[in-house]
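Participant: any chance you can model this:
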Amino acid sequence: MDWIGLDLTFPITDPTWIFLLVLLIILFAPILLNKLRIPHIIGMILAGLAIGEHGFNILARDSSFQLFGKVGLYYIMFLAGLEMNMGDFKETRNKALVLGLLAFIVPIGIGFVANVSYLKYGI
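Facilitator: Reported below is the predicted structural model:
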């Protein structure tokens, strides 16, 4: 599609057009999502799926698209951190610490034993 002398074909690979499209989605999706009563984060994920290679294939999967995906993932983790109640975490501090250590130590131990015994890796 030739638009104002610029060649715009799908999937879009030009970083400027990708940035513009992502900004438009970020700006206008919350307005639409409020009317549909859909949480913003779910709408952003669905919008990313729709414009990606498994949706309408509007954006090509390149480094700039992957960058926006990583930034979106960091944004989701940031929002999850904001939703955490530190009072609840302080109440269950010991249980959380034990669970966290077990979730780390048990897989490391199983992996170590499997590597030494089955794969014959040395220490």
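Participant: which element, helix or strand, includes the residue nearest the centre of the chain?
Facilitator: Nearest to the geometric centre of the chain sits Leu73, at 2.7 Å (CA atoms, centre = their mean). Element membership for Leu73, per DSSP states H and E: helix 63-83.
Participant: show me what the next helix or strand after that helix is packed against.
Facilitator: Per DSSP H and E, the first helix or strand lying C-terminal to helix 63-83 is helix 86-91. Helices and strands touching helix 86-91, by 3 or more CB pairs under 8 Å, 6 or more residues apart in numbering; DSSP states H and E: there are none. (Each C-beta comes from the backbone N, C-alpha and C, glycine too.)
Participant: CA atoms only for helix 86-91, dumped as CSV, please.
Facilitator: Output of helix 86-91 as CSV, limited to C-alpha atoms (Å, rounded to 0.1, in the frame of the first residue of the first chain):
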residue,chain,number,x,y,z
MET,A,86,3.5,-6.6,51.6
GLY,A,87,1.5,-7.1,54.8
ASP,A,88,0.4,-10.6,53.6
PHE,A,89,4.0,-11.3,52.6
LYS,A,90,5.3,-10.3,56.0
GLU,A,91,2.8,-12.6,57.7
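Participant: give the buried residues for the strand or helix carrying Ala29.
Facilitator: Using DSSP H and E, Ala29 maps to helix 15-36. Neighbour counts over helix 15-36 (16 or more other CB atoms under 10 Å) mark 17-18, 21-22, 25, 29, 33 as buried.
Participant: between these, which is nearest Lys120?
Facilitator: Taking CB to CB as the measure, Lys120 lies nearest Ile18 of the buried residues of helix 15-36, at 47.9 Å.
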